[in-house]
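Undergrad: requesting a structural model of the entry that follows:
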Amino acid sequence: MLKFILILIIILINCKFENKKSFLVFDLLTSESTNQGLQQETINLSLEVVATPTFSPPGGNYSDDQNVVIHTTTVNASIYYTTYGTEPTPSSNLYSSPISIAGDGTSITIKAIAVQSGMQNSNIASDTWTIQYNKVATPVFSPSQGYYTSPQTITITTSTTGASIYYTTDGSNPNISSMLYSSGIPIWHLAGKILKAFGVKTGLLDSNIATAVYSYPPLKTNQTNC
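TA: Residues are numbered from 1 along each chain as shown. Below is the predicted model of the structure:
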């Protein structure tokens, strides 16, 4: 009986020791895994960041077409960009030459990111360029085109001080050899015709051509225009 009791005690001691070893091994593995994760995070945080791209000329309003150069001070870094508002990634357009921004009224937003192997990607650079040519403001007709049942006098104006306005009533595009506008035009002179006008001024580009069509009922017997 005593021998049996001794054997049982030995078995219990061995089981307890084995469990302790299992916990010890688990703790070591957990500690090692955690340390590897911390080490990896530390490595990522310590990577040098690629310099943020810069634009030349910078974004803004311009009176003529522009060619935008994108640059980063990080040697051999690749630059990727978009021109339609989305965030750039290494799958976006690879920058290789100046980006042309052309045409009156054009407005483009460029976003760019610089990438270099072994480094963290740069911050995203973003700016907007708007092209507005130095030109005469498009003429305005008053009252605006439409159908009228009472006499009207049509005036043509431009907000550009000192500009001259030329117009046609046969649908052809006006030029400086067309009729020079000087005073209001009775609507019955324009009924059923296509009125076109543009403005010119030395030192500025010619305005866009404005177009209008007016309708006016035919005269009745014994009726005169005012």
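Undergrad: tell me the secondary structure of Thr211, please.
TA: Following DSSP: H, G, I helix; E, B strand; the rest coil, Thr211 is assigned to strand.
Undergrad: need the contact list for the closest residue to it other than its chain neighbours.
TA: Leaving aside its sequence neighbours, Thr211 sits nearest to Lys196 (CB to CB, 6 or more residues apart in numbering; 5.1 Å). All C-beta spots, glycine's among them, are computed from the backbone N, C-alpha and C. By CB atoms under 8 Å, 6 or more residues apart in numbering, the residues touching Lys196 are Tyr167, Thr168, Thr169, Gly171, Ser172, Asn173, Pro174, Ile209, Ala210, Thr211.
Undergrad: the first one contacts Ile176, doesn't it?
TA: The one in question is Tyr167. No - the criterion here is CB atoms under 8 Å, and Tyr167 misses it with Ile176 at 11.5 Å.
Undergrad: what about the protein, any weak spots by pLDDT?
TA: Within the chain, the stretches with pLDDT under 70 are 1-45, 218-226.
Undergrad: can you do 50?
TA: Applying pLDDT under 50 to the chain picks out residues 15, 17-33, 38, 220-224, 226.
Undergrad: related to what we said a few turns ago, quickly find the element holding the residue nearest to Thr211.
TA: Using DSSP states H and E, Lys196 maps to strand 194-200.
Undergrad: now do the buried residues in that strand.
TA: Leu195, Lys196, Ala197, Phe198, Gly199, Val200 (16 or more other CB atoms under 10 Å).
Undergrad: what's the farthest-apart pair in those residues?
TA: Spanning the widest gap among the buried residues of strand 194-200 are Leu195 and Val200, at 17.3 Å by CB to CB.
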